[in-house]
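Chemist: pasting the structure only:
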Ligand SMILES: *Cc1c(COP(=O)(O)O)cnc(C)c1O
């Protein structure tokens, strides 16, 4: 099988697997215990915090461990929103194509707590500008939350410039960097980031563990009350094997980022070149400002779900929209946000690569996908109408 669904989740790397299992076997203490077995656990926990802080260029005490990207997004957004409300600031700026962990949290704040959420329009390449953010910021803006890179179409946003705008206007800036961490260089100082979410399983670490970076001085609210873990901001005995595995994975990913991203880019570009030859198709997302491992296309006249099932039969694991929306019949909110109409958005394909993909696999993909698209079109009544000139083609 060829696995090209790494934006949904990645396989564990050997280094991360070893770190997890060594820890599970040998470090079973509770870091809150005062005896030596507990203190051993506290030590590995601190080392993991240090490693992650180094990768992001922040202080270890600015790192909070969570159960994943979703929890980190929730905690960051709710904290900044509630801190703002205390000062009478209830305006939040975000974008229309964020992950649901962000969008649904914002929806809830709007519905239940009276916040005003302004979602910036995304252009047809899946980008927004820092100027759009600058124009949207008001006296009562308490938070700007914009993703580092989009999980469906791979566009990479101008985070440093957006951070600069927020810094100059004194507005807290959060970024969901789940797709970027371990894949693109991140420096929370240079990038002017106040809060950042990442998730272990998107860079070959374990599932169910993530990080929220919170700049010193920003008030964090806890979602889970209980013990004093994570400096009182996230109760519950720490997931030590998960945290240690995530730190090992992030350190490895940051160490080999240059090489891996070059290899991924070459494979990505070969696949984009190959699939662009399919008539009436279109690349989604910016051609240049793009995650090294993301390929996203819309094909006119087919259903994404049928394409995925047939590709699976041919040994290719891919996805249409995001893993979270697939299974529902609604077209992806991301594709709608960049202006794809429903009919076109339904025929989408996302191939997301990792360091384990090869050029040989790319060749198989660009041989197989066009055949499957052609086969599915041959059964489509809609396609027949277009061929016969009864309906217009939408894509070139
Ligand atoms: C996967 C993902 C998340 C959710 O992370 P989990 O660890 O699965 O909760 C959030 N945002 C983006 C952009 C993602 O790709």
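Modeler: Looks like it came in fine. Bear in mind the structure is a predicted one, so any value in this text is a computation, not a measurement.

Chemist: next to the ligand, which bits of the stretch 1-150 of the chain? Give me the list.
Modeler: Proximity of the stretch 1-150 of the chain to the ligand (CB under 6 Å from any ligand atom) is limited to residues 68-70, 99, 101, 147. For the C-beta atoms, the positions are set from N, CA and C on the backbone; glycine is no exception.

Chemist: of those, which belong to helices?
Modeler: In this view, those that belong to helices under DSSP state H are 69-70, 101.

Chemist: scan the residues you listed and report the most crowded one.
Modeler: Neighbour counts for those (other CB atoms under 10 Å) peak at residue 69, which has 27 neighbours.

Chemist: which residue sits closest to that one in space, ignoring its chain neighbours?
Modeler: Using CB to CB, 6 or more residues apart in numbering and skipping residues adjacent in sequence, the residue nearest residue 69 is residue 199, 3.4 Å away.

Chemist: buried set for the strand or helix carrying residue 305?
Modeler: Using DSSP states H and E, residue 305 falls within helix 304-313. Residues of helix 304-313 classed as buried: 304, 307-308, 310-311 (neighbour count, 16 or more other CB atoms under 10 Å).

Chemist: any chance of those residues in JSON lines, with distance to the ligand too?
Modeler: Formatted as JSON lines, the buried residues of helix 304-313 follow (distance: CB to the nearest ligand atom, whole Å):
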{"residue": "304", "distance to the ligand": "18"}
{"residue": "307", "distance to the ligand": "21"}
{"residue": "308", "distance to the ligand": "18"}
{"residue": "310", "distance to the ligand": "25"}
{"residue": "311", "distance to the ligand": "21"}
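
Chemist: just to revisit the earlier point, now the helix or strand following the helix holding residue 305: mean pLDDT?
Modeler: For helix 304-313, the following helix or strand on the C-terminal side (DSSP H and E) is strand 316-317. Strand 316-317 comes out with an average pLDDT of 98.

Chemist: residues touching the residue lying closest to residue 222 once chain neighbours are set aside, list them.
Modeler: Leaving aside its chain neighbours, residue 222 sits nearest to residue 233 (4.9 Å; criterion: CB to CB, 6+ apart). By CB atoms under 8 Å, 6 or more residues apart in numbering, residue 233 lies in contact with 64, 75, 220-222.

Chemist: ok, residue 207 next?
Modeler: Taking CB under 8 Å, 6+ apart as the criterion, residue 207 is in contact with 9, 68, 200-201.

Chemist: which element is it on?
Modeler: Short version, using DSSP H and E: residue 207 is in no helix or strand.

Chemist: can you check the one 5 residues further on too?
Modeler: According to DSSP H and E, residue 212 maps onto strand 210-214.

Chemist: strands along the chain, start to end?
Modeler: In the chain, the segments counted as strands under DSSP state E are 2-3, 63-66, 91-95, 116-120, 141-145, 172-176, 195-199, 210-214, 281-283, 294-299, 316-317, 348-352.

Chemist: TSV please, covering the ones you listed and showing distance to residue 245 and mean neighbour count.
Modeler: Listed next are those as TSV, based on distance: least, CB to CB, whole Å; neighbours: other CB atoms under 10 Å:
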stretch	distance to residue 245	mean neighbour count
strand 2-3	19	20
strand 63-66	12	25
strand 91-95	31	25
strand 116-120	35	16
strand 141-145	27	25
strand 172-176	21	28
strand 195-199	12	29
strand 210-214	12	27
strand 281-283	35	19
strand 294-299	25	27
strand 316-317	23	19
strand 348-352	21	28
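
Chemist: with distance to residue 51 added, can I get the ones you listed in a markdown table?
Modeler: Output for the strands of the chain, formatted as a markdown table (distance: least, CB to CB, whole Å):
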| stretch | distance to residue 51 |
| --- | --- |
| strand 2-3 | 27 |
| strand 63-66 | 10 |
| strand 91-95 | 30 |
| strand 116-120 | 34 |
| strand 141-145 | 26 |
| strand 172-176 | 21 |
| strand 195-199 | 13 |
| strand 210-214 | 11 |
| strand 281-283 | 36 |
| strand 294-299 | 26 |
| strand 316-317 | 31 |
| strand 348-352 | 25 |
